[in-house]
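# Here is the input, now give the coordinates:
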Amino acid sequence: MNMSLFIDAADFGFSPQSTGIDNAIALQKALDASGTIMVSRPGTYKLARTVYIGSYTTLIMGNNVFVQKEDEEGPYSHVILNKGALTKTYDEQISIENLHIVVNGMDIRTFDDVFGLHGQLALFYVKDVRIERFRCMDLGKMQYGIQICTFEDIIIHDVMIKGDKDGVHLGRGKRFHICNGIFQTYDDAVALNAHDYDVGNPELGWIEDGVVENCHDLARSKENDAMGFFCRILAGAWKDWETGMVVQKSDTVVSSGRLYRVKADADNKAYVSNTQPVHQSGSMVIDDINWTVVQDDVVYTAGVRNVTFRSIFLYKARIGFSVHFDNDKYSRSYYPGAPVPHQEQLVFENIRVLHDQKIPFASINTPIDVLTITNSSFKNNSISFHGNKAMTEYYKTRINLVGCVFNQKGLMDLVVNSVENKEIQLNTTASVSIDDDFTANLIPGPGRIHANSDLGGLSKVRT
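Below is the predicted model:
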């Protein structure tokens with residue numbers, strides 16, 4: 001290999017001995033040269049401000065290289081952000097390898113660059129991206145490890161992320177692969193947030209056509225540490241602005257060919273909108289409502305579809321998968337009367353529940369067409385359907401369990417429903433019960449469950 005084709009960041013002054021400001025200037029100069037930039041000298045490199053990476057650029061960190069955030073001129077959010085994020089212009093062919101971020105207590109959402117973007121490594125408007133061997137072991141409570149929104153064709157391989165906030169947090173985009181991950185997080189290990197709080201993602205839309213595989217959700221030693229999920233699968237919907245509509249924090253409307261969101265405090269305050277927002281960018285206070293322009297391409301629904309989860313190891317005692325609407329003072333994902341977002345075609349292969357708590361394998365409070373679960377191992381872990389007063393009709397869901405192993409002794413509530421008029425079709429084949437006394441139970445609540453099953457007591461059950 002001809003090393004002259006590579007750029008050494010040290011030639012620009014990037015050094016373990018330099019200040020965070022000098023290192024930021026040096027690394028930015030190296031990144032501006034594009035091509036392949038290498039940091040080969042081991043050590044801890046201070047960094048005092050965000051650096052920006054552009055198209056056709058590869059950044060390779062050597063072994064035992066750490067990038068540590070430092071407050072030398074004020075706190076900042078992102079260690080690395082792509083250049084096109086500032087203008088909503090796609091950057092292409094970006095590769096970041098072996099980046100180890102040390103947060104060093106600088107955990108802050110400034111939104112100086114893009115409102116709603118607060119990953120330590122953040123990308124917005126990108127295509128053809130590869131992130132490999134990423135490490136961050138000290139996430140705080142405010143910032144995600146990796147955040148990517150509005151994307152096509154991303155690969156995130158070999159990550160270790162520990163701390164309090166989301167590990168990998170995706171907004172809208174298509175074609176993705178997240179694999180070989182070790183997560184030990186208080187909040188979500190992986191978040192597929194097609195909808196989100198107003199501060200959670202900069203844009204809204206569908207997340208589709210992806211694979212999440214060979215990931216481990218590790219337990220932590222702290223008590224009361226069951227917040228979040230291994231994966232949050234978040235949907236939402238909104239409608240056209242109309243006179244007199246009542247809105248709250250994070251609500252979205254369509255107006256004049258754009259999406260607008262309410263930026264407000266999480267104080268449960270409701271606002272009546274009598275004046276249509278039509279400004280083309282930024283924020284404007286109208287009728288005491290702070291309307292912020294989100295995006296120019298109009299969509300009315302957001303959700304997750306055509307995604308496979310494969311070889312997931314659930315050590316942490318929390319809900320594995322939450323197919324989710326928010327409905328609280330921070331955000332209500334579904335605005336009354338909006339089109340219904342049907343999350344679609346979610347597949348779960350070789351999922352291993354490795355904790356002993358009676359906690360749902362999956363918690364579902366959005367419409368979803370089909371759940372396919374194959375070659376997976378359950379303990380006392382139900383598939384739970386529940387509403388959150390977001391809508392009155394949650395439509396029919398079909399569940400296919402194929403080749404699954406049931407480790408529970410005695411009775412297990414396999415499917416539990418509390419949604420009025422919810423219809424569920426359960427099919428199980430090639431099931432294995434470890435205990436001879438194992439019995440599966442269905443709790444239809446105010447809905448209906450139809451079963452065609454090889455599990456004890458469930459053969460062609462209609463409840």
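# contacts and neighbour counts: CA atoms only from here.
Noted.
# Number of residues surrounding D297?
For D297, the neighbour count with other Cα atoms under 10 Å is 12.
# check contacts around it.
Contacts for D297 were tallied using Cα atoms under 8 Å, 6 or more residues apart in numbering; they are 257-259.
# Please enumerate the helices of this protein.
Applying DSSP state H to the chain gives helices spanning 20-32.
# How is it partitioned into domains?
The record assigns the chain these domain ranges, following automatic domain parsing: 166-235+304-463, 239-295.
# Looking at these, which one is packed in the most?
domain 166-235+304-463 (a mean of 20; mean count of other Cα atoms under 10 Å).
# Please spell out the segments of the chain that come in under the pLDDT threshold.
Low-confidence segments of the chain, defined by pLDDT under 70, span residues 1-5, 222-226, 459-463.
# gap between the residue nearest to the spatial centre of it and D11?
By Cα atoms, centre = their mean, the chain has its centre lying nearest to A191, at 1.8 Å. A191 sits 38 Å away from D11, going by Cα to Cα, to the nearest Å.
# Could you do Y315 as well?
The spacing between Y315 and D11, counted by Cα to Cα, is 45 Å.
# With S221 instead?
Note on S221: its distance to D11, by Cα to Cα, is 44 Å.
# could you dump the domains of the chain to TSV with distance to Q28?
Output for those, formatted as TSV (distance: least, Cα to Cα, whole Å):
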stretch	distance to Q28
domain 166-235+304-463	24
domain 239-295	28
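# Do I have it right that I364 meets H386?
Yes. At 6.3 Å, I364 counts as touching H386 under the criterion of Cα atoms under 8 Å.
# Spatially, what comes nearest to I286 if we skip its sequence neighbours?
Spatial nearest neighbour of I286, excluding adjacent residues (Cα to Cα, 6 or more residues apart in numbering): T275 at 6.8 Å.
# List the contacts of F378.
Shown in contact with F378 (Cα under 8 Å, 6+ apart): 352-353, 361, 404-408.
# Of the residues you listed, just say which sits nearest to F229.
Using Cα to Cα, F361 is the member of these that lies nearest F229, at 10.1 Å.
# Would you agree the closest one is in contact with S382?
Yes. If you go by Cα under 8 Å, F361 and S382 touch, sitting 5.6 Å apart.
# quick one, what contacts the residue nearest to the centre of the chain?
So A191 contacts 166-170, 231-234 (Cα under 8 Å, 6+ apart).
# Pick the one among those closest to S376.
Nearest to S376 out of the contacts of A191 is C231 (Cα to Cα; 16.4 Å).
# Report the contact partners of the closest one.
C231 sits next to 188-192, 320-322 when contact means Cα under 8 Å, 6+ apart.
# any chance of these in JSON lines, plus distance to I207?
Listed next are the contacts of C231 as JSON lines, based on distance: Cα to Cα, whole Å:
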{"residue": "D188", "distance to I207": "17"}
{"residue": "A189", "distance to I207": "17"}
{"residue": "V190", "distance to I207": "13"}
{"residue": "A191", "distance to I207": "11"}
{"residue": "L192", "distance to I207": "7"}
{"residue": "G320", "distance to I207": "19"}
{"residue": "F321", "distance to I207": "16"}
{"residue": "S322", "distance to I207": "15"}
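# Counting only strands, which of those residues make the cut?
Counting by DSSP state E, the contacts of C231 place 190-192, 321-322 in strands.
# could I get these as TSV with distance to F309?
Supplementary listing: the ones in strands among the contacts of C231 in TSV, determined by distance: Cα to Cα, whole Å:
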residue	distance to F309
V190	11
A191	13
L192	12
F321	10
S322	13
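# Return the member of those nearest to Q357.
Closest to Q357, out of all of the ones in strands among the contacts of C231 and judged by Cα to Cα, is F321, at 15.0 Å.
# beta partners for that closest one?
C231, A362 (DSSP bridges).
# doesn't S363 make contact with it?
Yes. In this structure, F321 is within contact of S363 by Cα under 8 Å, at 6.4 Å.
# on that earlier part again, inside strands: which ones of the contacts of D297?
Members of the contacts of D297 lying in strands (criterion: DSSP E): 258-259.
# Ignoring the adjacent residues along the chain, who's closest to D296?
Leaving out its chain neighbours, the residue that sits closest to D296 by Cα to Cα, 6+ apart is R258, at 4.5 Å.
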